[in-house]
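In: please work out how this folds:
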Amino acid sequence: MAIRNIRKIGDSVLTKVSKEVKKVDEKLLVLIDDMLETMYDADGVGLAAPQIGVLKRVIVIDVSEERNNPIVLINPEIIESSGCQIGEEGCLSIPGKVGIVERPDYVKVKAYDRYMQEFIIEGTELLARALCHEIDHLNGILYVEKVTGELRDVYKDDTDEEDFSDEAMDE
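Out: Residues are numbered from 1 along each chain as shown. Here you go, the predicted structure:
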């Protein structure tokens, strides 16, 4: 497994439609494992293959608090949605920014797992948001196209963090 580089806004691969996966081979399994490792390393809740420069319809998601319940979806397709949630959203491909996005509060998605076995997953709240966000990536859509109002900077609360600057290290 390897951590891959996450493509950033402005990279043309993020605006392209991904291709359907026809079969699972060793190369695809490596891609999935690398995507999971990359997502966890970046502290994300989801990652789509285009975000690491691969135009395949593959996403990984883990919204569990323990960060130990990964979901792999190949060729995901939203087959039902309802409700509405409006909330803050960010993206590993647009670091340091968040914006308010309206998404369905419930989605039902048909997909294939890493063994090309079809399954249905239903999600509400954060899982619904993550499913919609990552599937948008497969269609070349970034969340910034759906933001209501302005993007804003994410500010970390520095009060609890130690200062590791060169000046602080010299003390």
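In: measure V72 to K8 for me?
Out: From V72 across to K8, the span is 24 Å (CB to CB, to the nearest Å). Quick note: C-beta positions are derived from backbone N, CA and C, even for glycine.
In: same drill for these two, tell me which one is more crowded.
Out: V72 (20 against 13; other CB atoms under 10 Å).
In: tell me the contacts of the more buried one?
Out: 32, 36, 58-60, 113-114 (CB atoms under 8 Å, 6 or more residues apart in numbering).
In: looking at this structure, which strand is longest?
Out: strand 71-82 (DSSP state E).
In: could you give me the buried positions within that one?
Out: The neighbour-count check on strand 71-82 (16 or more other CB atoms under 10 Å) flags 71-76, 81 as buried.
In: from those residues, which is closest to V109?
Out: Minimum distance to V109 across the buried residues of strand 71-82 is 5.1 Å, recorded for P76 (CB to CB).
In: how about that closest one, what does it touch?
Out: 57, 59, 109-111, 131, 134-135, 138 are the contacts of P76 under CB under 8 Å, 6+ apart.
In: ok, now how distant is it from L151?
Out: From P76 across to L151, the span is 26 Å (CB to CB).
In: and for E102?
Out: For E102, the distance to L151 - CB to CB - is 15 Å.
In: can you check K16 too?
Out: 22 Å.
In: save the buried residues of strand 71-82 as a markdown table, and put in pLDDT and distance to E125 too.
Out: Below are the buried residues of strand 71-82 laid out as a markdown table (pLDDT from 0 to 100; distance: CB to CB, whole Å):
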| residue | pLDDT | distance to E125 |
| --- | --- | --- |
| I71 | 98 | 15 |
| V72 | 98 | 20 |
| L73 | 98 | 18 |
| I74 | 98 | 24 |
| N75 | 98 | 24 |
| P76 | 98 | 18 |
| S81 | 98 | 13 |
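In: could you dump these to TSV with distance to V21?
Out: Output for the buried residues of strand 71-82, formatted as TSV (distance: CB to CB, whole Å):
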residue	distance to V21
I71	16
V72	11
L73	10
I74	5
N75	6
P76	10
S81	23
